[in-house]
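Trainee: mind folding the following:
(one chain, ligands or ions: 2)
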Amino acid sequence: MDGLVAEKESGKRQWLYPLIRKGPYYKWRSWISYFYLILFFSTPFMRINGQPVLLLNVVDRQFVLLGQVFWPQDIFLFMLASLVFLVCIVLFTIAFGRIFCGWICPQTIFMEMVFRKIEVWIEGDAKKRKKLDAAPWDKEKIIKKSAKHVIFIAFSFLIANTFLAYIIGSESLIKIITEPVTAHLIGFASIWVFTGVFYTVYSRVREQVCTLFCPYGRLQGVMIDQHTLVVAYDDVRGEPRGKLDRKADLLQNIKGDCVDCGLCVDVCPTGIDIRKGTQLECINCTACIDVCNEVMDKIHKPHNLIGFFSENMIHAKEKPSFTGRMMAYSAVITVLIGVLCYFIFSRSDMDITVMRTAGLLYQEQPGGKISNIYNAEIINKTNKSQSITLIPEDPAVKIKYIQAPVNIAYGGSIKTVFFVVMPASRIHSAKTDVRLQLISNHKIIQTISTTFVGPIND
Ligand code: SF4
Ligand code: SF4
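Mentor: Ligands and ions are numbered 1, 2, ... in the order given. Alright, predicted model coming up:
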């Protein structure tokens, strides 16, 4: 312990060897992590109507969520969804502190439920790991360390491939894996860059992602208040702490319930002592609750000396309450989700942009007609190919294609160029509104307005 104190005081990083205790919360976290890992590794390969369940192709600006294709034109939906997600996290943090970090965050799940388990499996629990690190490089250490790092790299490689599949899609990933490296140099390099990043994070950086780099952790201080339920030590019950002295019953009665065993510190993956109060480094993983409850069982005291408490529950003996701030955030979330649902359900299957060709005014056509030339881009947001046509709303107005639109493949887009031809008698101002209907399968998908320029008729 003296060595650790000296290490802390010198400003050097204190390498952590958290003890693993498989209490009820740990078991729940394990089940959640199994579900999460299955979902993480299988989602890029799952399809709905031929489309991925989730694709975040930032390179080609194509996004797919639950089989629905979203294009850059729908980016506001993604921004709105991100906003809803952020507000949900804020509300959740106000109510339950940083529990997202300990139970749902991919960093914690991979670190504590995958890489830590591999480490414990190969090197043993805390004391053995510490001893092995301090030992000279003998045969046993070389074998154990090599085995651990080879498995770490293999898992990092697996995570990197899956991560890339979320960005480029599983088909493109399979091509990178199965075709010659020279055909996919960037893809191949990306896999190894991601592998290197994940390996470094899980083998070296570890808890520092949560304690130093994660902005959410930094923001926690402004989000939680005296009503927030967090993992906390009941100092009213626990203090004054002291070693259990079975022979001195009298003395024991004036002590609090904390027997100062230090196990809550030993199990902490971020190396903090929760008895010093709520700290930014606490990821609410509940490992200290599990181990302290084990201790309470042994000394025949009630559970939850460390538990989910708000400051007011400990010091003002209040019950958990739904505060005005929580109500306000809930109202905001309800409104945002309502707006998001409205935009998603009212989103059209096709999107069309029509622009009059720049630099050209109008053309005089035989028969007293005037024409303007237009460029249009039509996007098929559905998951099947569509045949489309454009029809002016006014029957006196006609369309003559230079480049006629044909079938648009699913998820694809086409460009078309056409004249809008209008009888000169219809033109009464420099700019006349023209409405065009986009028709697909005999159904009006969208009606768009554009301007038509022509000579003013007196
Ligand atoms: S595990 Fe419980 S009893 Fe042991 S030091 Fe921590 S709070 Fe005290
Ligand atoms: S203090 Fe407890 S809940 Fe917080 S990170 Fe440490 S072990 Fe997890």
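
Trainee: what domains does the record give for this protein?
Mentor: 17-70+105-206, 350-453 (automatic domain parsing).

Trainee: now mean pLDDT, mean neighbour count and distance to His315 too, for those, in CSV please.
Mentor: The way it works is simple: take the backbone N, C-alpha and C, and place the C-beta from them, glycine included. Shown next, in CSV, are the domains of the chain (pLDDT from 0 to 100; neighbours: other C-beta atoms under 10 Å; distance: least, C-beta to C-beta, whole Å):
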stretch, mean pLDDT, mean neighbour count, distance to His315
domain 17-70+105-206, 92, 16, 24
domain 350-453, 86, 15, 55
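
Trainee: save the ones you listed as TSV, and put in distance to ligand 1 too.
Mentor: Below are these laid out as TSV (distance: least, C-beta to the nearest ligand atom, whole Å):
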stretch	distance to ligand 1
domain 17-70+105-206	10
domain 350-453	55
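
Trainee: next up, identify which helix or strand whatever residue of the stretch 101-250 of the chain ends up closest to ligand 2 is on.
Mentor: Distances between the stretch 101-250 of the chain and ligand 2 by C-beta to the nearest ligand atom are smallest at Val231, namely 3.9 Å. In the assignment (DSSP states H and E), Val231 maps to strand 230-233.

Trainee: now do that strand: everything it contacts.
Mentor: With C-beta atoms under 8 Å, 6 or more residues apart in numbering as the test, strand 230-233 has contacts from 96-98, 224, 258, 264, 274-275, 277-278, 282, 284-286, 288-289, 305-311, 314.

Trainee: is it true that Asp351 touches Ile378?
Mentor: Yes: here Asp351 reaches Ile378: they are 7.3 Å apart, a contact under C-beta atoms under 8 Å.

Trainee: can you give me phi and psi for Leu362?
Mentor: Wrong residue type there; residue 362 is Tyr, not Leu. Main-chain dihedrals, Tyr362, degrees, to the nearest 10: phi -130, psi 160.

Trainee: same question for the one 3 residues further on.
Mentor: With angles defined as degrees, to the nearest 10, Gln365 sits at phi -110, psi 160.

Trainee: residues contacting it?
Mentor: Counting by C-beta under 8 Å, 6+ apart, Gln365 touches Ser371, Val421.

Trainee: same question, the one 3 residues further on
Mentor: Gly368 sits next to Pro423, Ala424, Ser425 when contact means C-beta under 8 Å, 6+ apart.

Trainee: and if you look at Thr447?
Mentor: Residues near Thr447 by C-beta under 8 Å, 6+ apart: Glu393, Arg435, Leu436, Gln437, Leu438.

Trainee: which of those residues fall within helices?
Mentor: Counting by DSSP state H, no part of the contacts of Thr447 is found in helices.

Trainee: name the residues of the stretch 201-350 of the chain found near ligand 2, please.
Mentor: Where the stretch 201-350 of the chain comes near ligand 2, counting by C-beta under 6 Å from any ligand atom, the residues are 231, 267-270, 272, 274, 282-288.

Trainee: ok, which of the contacts of strand 230-233 also contact ligand 1?
Mentor: Answer for these near ligand 1 (C-beta under 6 Å from any ligand atom): Cys258, Cys264, Arg275, Leu305, Ile306.

Trainee: tabulate the residues you listed in TSV, adding columns for distance to Leu360 and neighbour count.
Mentor: Shown next, in TSV, are those (distance: C-beta to C-beta, whole Å; neighbours: other C-beta atoms under 10 Å):
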residue	distance to Leu360	neighbour count
Cys258	83	25
Cys264	76	23
Arg275	77	21
Leu305	80	24
Ile306	75	25
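
Trainee: going by distance to Val397, which of these wins?
Mentor: Val397 lies nearest to Ile306 out of these, by C-beta to C-beta, at 75.5 Å.

Trainee: give the ChimeraX command for selecting the buried subset of the contacts of strand 230-233.
Mentor: In ChimeraX syntax, the buried subset of the contacts of strand 230-233 is picked out as below (16 or more other C-beta atoms under 10 Å):
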select :96,97,98,224,258,264,274,275,278,282,284,285,286,288,289,305,306,307,308,309,310,311,314
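
Trainee: show only the entries of the contacts of strand 230-233 found in strands.
Mentor: When the contacts of strand 230-233 are checked against strands (DSSP state E), the matches are Ile306, Gly307, Phe308, Phe309.

Trainee: among the residues you listed, which one lies nearest to Ala409?
Mentor: Nearest member of these to Ala409, counting by C-beta to C-beta, is Phe308, at 52.8 Å.

Trainee: one step back: a markdown table for the ones next to ligand 1 among the contacts of strand 230-233, including pLDDT?
Mentor: Listed next are these as a markdown table, based on pLDDT from 0 to 100:
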| residue | pLDDT |
| --- | --- |
| Cys258 | 94 |
| Cys264 | 96 |
| Arg275 | 95 |
| Leu305 | 96 |
| Ile306 | 96 |
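
Trainee: from these, pick the one nearest Phe35.
Mentor: Nearest member of those to Phe35, counting by C-beta to C-beta, is Ile306, at 26.1 Å.

Trainee: state the mean pLDDT of stretch 334-349.
Mentor: Average pLDDT, stretch 334-349: 81.

Trainee: quick check: which element contains Ser449?
Mentor: Using DSSP H and E, Ser449 falls in strand 443-453.

Trainee: what sits against Ile399?
Mentor: Contacts of Ile399 by C-beta under 8 Å, 6+ apart are Leu390, Ile391, Pro392, Phe418, Phe419, Val420, Val421, Leu436.

Trainee: Three-state assignment for the second one, please.
Mentor: With DSSP: H, G, I helix; E, B strand; the rest coil as the basis, the three-state label of Ile391 is strand.

Trainee: how about the nearest residue to it, chain neighbours excluded?
Mentor: Using C-beta to C-beta, 6 or more residues apart in numbering and skipping residues adjacent in sequence, the residue nearest Ile391 is Gln437, 4.9 Å away.

Trainee: how close does the one you found sit to Met350?
Mentor: 12 Å (C-beta to C-beta, to the nearest Å).

Trainee: now for the two: what residues contact both?
Mentor: Common neighbours of Gln437 and Met350 (C-beta under 8 Å, 6+ apart) are Gln446.

Trainee: find the helix or strand that the residue lying closest to Leu83 once chain neighbours are set aside is a member of.
Mentor: The shortest distance from Leu83 to any non-neighbouring residue, by C-beta to C-beta, 6+ apart, is to Leu336 (6.3 Å). If you go by DSSP H and E, Leu336 is part of helix 324-345.

Trainee: sweet, I'm off.
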